[in-house]
Structure formats: C-alpha cells, structure tokens
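Visitor: I would like the atomic coordinates for the input below:
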Amino acid sequence: MRTILSAVLIALVALLVPASAVAYWADRELGDADRYTAVMSPLARNPAVQDVVVTQAGRALAGQIDAGPFQGGVDALLGEALRSFADTPAYRTAWDAANRAAHTAFLDALTTGHGDALTIDLAPVIDQVKWELVADGVPFADRIPVTHLSVKVMEYDNLAALRKGFHMLQVAGIWLPVLTLVLAAAAIAVAVHRRRAVMATGLGLAVGAVLLGVAVDVCRRLALEDLPADIDRPAAGAVYDALTSFLRTTAWVVLALGLAAAFGAWLVGRLRRTP
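Guide: Numbers count the residues shown, from 1 in each chain. Next up is the predicted model:
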C-alpha cells in the first residue's frame with residue numbers, strides 16, 4: 001500500500017511540475033513590470049522586431065509630414081534615420097519605456113477583459129527619433145507630432161479563456177510550487193524503500209520538466225499559427241520566446257536536478273552493494 005501511495009504521489013509530482021512552473025511564471029514574471037521589461041529589453045536588438053518597429057514608425061512619421069515635391073527624399077531620410085537610430089542606446093532606452101507602458105495594457109487585457117492583443121506603443125520611440133532628426137538638421141523634422149502608434153505583436157481569438165486561465169495561475173502562483181515540493185517529500189517519506197523512492201521522484205521531476213518543455217514548444221506553434229496575416233511571425237516568435245524564456249530555463253534546471261537526484265540515488269545503491 002505504501003509503495004502504491006508513493007507511486008501515485010510521484011505521478012502527481014510529474015504532472016504538477018509544468019503547472020507549478022507556469023503558475024509561478026504567470027504570477028511573478030508576467031505580473032511584475034520590472035521583470036517584464038527586463039525580459040523584453042533584449043528584443044531591441046532582434047532584427048525581426050527592429051524591422052517591424054522601423055517599418056511601422058516610418059509609415060507613421062511619413063504620414064505626418066507634408067513635404068510637397070520633396071516627399072520622396074524626406075521619406076528616404078526618415079527610413080535611413082530610423083534604421084540608424086535602431087542601433088543606438090537611445091533607441092533601447094525608448095524601447096524599454098515603450099514596453100514598460102505596454103505592460104500595463106498587457107495586464108489590463110488579461111485581467112479586466114479589455115483588448116484582445118499584446119501591443120507596444122511606439123510613442124517613446126517616435127519622440128526620440130524626432131529630436132534625433134531635428135538635431136541632425138533633417139528638413140521638416142520639427143513638424144513631426146508625437147502620436148501614439150500601437151503595434152500588435154501578438155493577437156488572440158480566445159483571449160477570454162486565456163484571461164480565466166491567467167487569473168487561476170496567479171492565484172496558484174505560490175501555492176502550487178509549494179504543493180509540488182510537499183508531495184515530492186511525501187512520496188519519499190511514505191515509501192518502503194526510500195532510496196528507490198528518491199530515484200523515482202527524481203525521474204518524475206525529469207518527466208515533468210520534459211512535459212513543460214514540450215508544452216512551451218507546442219503552445220508556440222499554436223500561437224503563431226493562429227496569428228492574423230498582418231502580424232509579422234518572426235517578430236511574434238521572438239516575443240513569445242522572450243516571454244517564455246523563464247519556462248524554458250526552468251525546464252532545463254528541473255530536468256538536471258531530477259536526473260542528478262535519480263543518478264545519485266542509483267549510485268549510492270551501487271556503492272552499498274560493492275564489497
């Protein structure tokens with residue numbers, strides 16, 4: 001009976017590993033503005049994301065300037081200036097500011113039911129570009145108004161279901177990981193052969209880590225397949241990878257810990273049997 005109970009607890013641990021990681025991620029990673037901004041910050045250097053920002057900002061800026069017969073030349077200057085600006089520290093600062101502002105809208109979409117997409121307001125980027133152009137003496141640059149330009153990077157048709165799931169994960173953000181650890185300890189404590197239970201629990205953790213990694217990859221494929229045609233898929237993929245980097249790292253760490261525990265328990269058994 002104790003062996004069966006231990007096996008059931010180990011199976012629960014394997015299933016709870018991915019759920020615990022996702023719950024903690026939703027509550028502590030996505031729910032915190034500083035962590036969200038830090039996760040999104042490296043995307044300022046991502047070529048696919050830069051292309052989206054440059055293209056969208058270029059269209060917005062060109063539409064705000066009436067240069068008459070010089071329109072073509074001004075648009076070309078704007079394009080060159082935007083691409084040059086995308087490699088500067090000022091752009092990365094503006095990008096961080098835009099993402100910090102986007103975090104509020106992102107949480108609003110997931111908690112209050114307003115909106116159906118993850119968007120980034122490029123107003124801080126446009127403001128920086130405007131004054132860079134003015135400083136460089138680009139004609140008509142001073143006429144650029146700083147307007148809000150929201151760029152969609154992810155969009156969902158079933159965001160209502162995602163909202164419900166996000167709320168449940170936030171509630172379980174701390175308690176689910178704690179429950180997983182308690183069940184793992186209980187599985188070892190009730191076992192008749194505790195060394196074997198440690199080995200089995202380690203393998204259970206490893207299985208849970210694999211399930212987490214597979215779930216992240218499957219959700220990535222499904223999320224990108226469901227995107228509207230007007231959203232750049234390489235950029236959306238980069239955003240998804242950035243947002244789920246914590247889950248991927250967690251999967252590898254738990255896998256390593258689980259395999260290490262299993263191997264350690266097996267090695268102890270081998271050494272005990274060695275005369």
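
Visitor: quick one: average pLDDT of the helix or strand encompassing residue 133?
Guide: For residue 133, the host element (DSSP states H and E) is helix 123-135. Average pLDDT, helix 123-135: 74.

Visitor: give the other helices and strands that that helix contacts.
Guide: On a contact count with 3 or more Cβ pairs under 8 Å, 6 or more residues apart in numbering; DSSP states H and E, helix 123-135 meets helix 47-64, helix 71-85, helix 89-111. Heads up, the C-betas are built off the backbone N, CA and C, glycines and all.

Visitor: can you give me the helices in this protein?
Guide: Applying DSSP state H to the chain gives helices spanning 2-24, 33-40, 47-64, 71-85, 89-111, 123-135, 159-171, 175-190, 194-225, 233-243, 245-273.

Visitor: what's the second one in contact with?
Guide: Put plainly, it is helix 33-40. 28-30, 95-96, 99-100, 102-104, 106, 239, 242-243, 245-246 (Cβ atoms under 8 Å, 6 or more residues apart in numbering).

Visitor: with stretch 191-204 instead?
Guide: Applying Cβ under 8 Å, 6+ apart, the contact partners of stretch 191-204 are 2-3, 6-7, 10-11, 13-14, 17, 184, 187-188, 257-266, 268-269.

Visitor: kindly recompute the last result at 10 Å.
Guide: Outside stretch 191-204, the residues within contact range by Cβ atoms under 10 Å, 6 or more residues apart in numbering are 1-3, 5-7, 9-17, 183-190, 257-269, 272.

Visitor: just to revisit the earlier point, nearest to residue 164, out of the contacts of helix 33-40: which one, please.
Guide: Set against residue 164, the nearest of the contacts of helix 33-40 by Cβ to Cβ is residue 30 (15.1 Å).

Visitor: any idea how far the closest one is from residue 244?
Guide: 10 Å (Cβ to Cβ, to the nearest Å).

Visitor: same question, residue 204
Guide: From residue 204 over to residue 244 (counting by Cβ to Cβ), the distance is 23 Å.

Visitor: more neighbours: which of those two?
Guide: Taking other Cβ atoms under 10 Å, residue 204 and residue 244 do not tie; residue 204 has more neighbours (27 against 23).

Visitor: can you tell me how far the more buried one sits from residue 12?
Guide: Where residue 12 is concerned, residue 204 sits at a distance of 9 Å (Cβ to Cβ).

Visitor: what do you get for residue 37?
Guide: Applying Cβ to Cβ to residue 37 and residue 12 gives a distance of 36 Å.

Visitor: likewise residue 202?
Guide: For residue 202 relative to residue 12 (Cβ to Cβ), the value is 15 Å.

Visitor: more neighbours: which of the two?
Guide: The neighbour count for residue 202 versus residue 12, taken as other Cβ under 10 Å, is higher for residue 202 (22 against 18).
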